[in-house]
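> the amino acid sequence is not available; the structure is as follows:
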């Protein structure tokens, strides 16, 4: 068996490659399908993405809005009702919640929000917590420890 005798798999068509600039008889000789002269005929000659022929491009005509706060803190967030599934007396922190798949790792630690109710007493070590969440956890007999994240 030779390489030129190998057939394509059944159902697959061979992709016909246009052979450009191989003489007039090929049908794509001379200008190789690029027409005559002009920017599009040149090698490497075409405008960049978003170019509108010298008109002010759309992305520059649109007004700018808002800003990006470079000092923003990114927390893993969890609500009190998700903590109620944990066993009573458990010590909860970012690592234990990540292991259980309740939150993802975050660079600035864990923040607990106050949606829902909690009945189990837990010891929670967090970077940030809302007042309502703190009241609910302490009312259930738990403890909240705020650590720097």
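Sure, I can see it. In this text the structure is predicted, and so the values were computed from the model without any measurement.

> contacts, neighbours, all on C-alpha from now
OK.

> for residue 50, give its distance to residue 96.
According to CA to CA, to the nearest Å, residue 50 and residue 96 sit 48 Å apart.

> same question, residue 8
54 Å.

> just residue 109 next, same as before
Distance from residue 109 to residue 96, counting by CA to CA: 12 Å.

> between these two, who's got more neighbours?
Applying other CA atoms under 10 Å to residue 109 and residue 96 shows that residue 109 carries more neighbours, namely 22 against 13.

> show me where pLDDT drops low in this protein?
Low-confidence segments of the chain, defined by pLDDT under 70, are located at 149.

> quick one: end-to-end length of stretch 44-57, please.
21 Å.

> over to stretch 2-17?
Termini of stretch 2-17 sit 22 Å apart (CA to CA).

> one more: stretch 132-146?
Start to finish, the residues bounding stretch 132-146 are 15 Å apart (CA to CA).

> list of residues touching it?
Applying CA atoms under 8 Å, 6 or more residues apart in numbering, the contact partners of stretch 132-146 are 80, 89, 112-115, 117-129.
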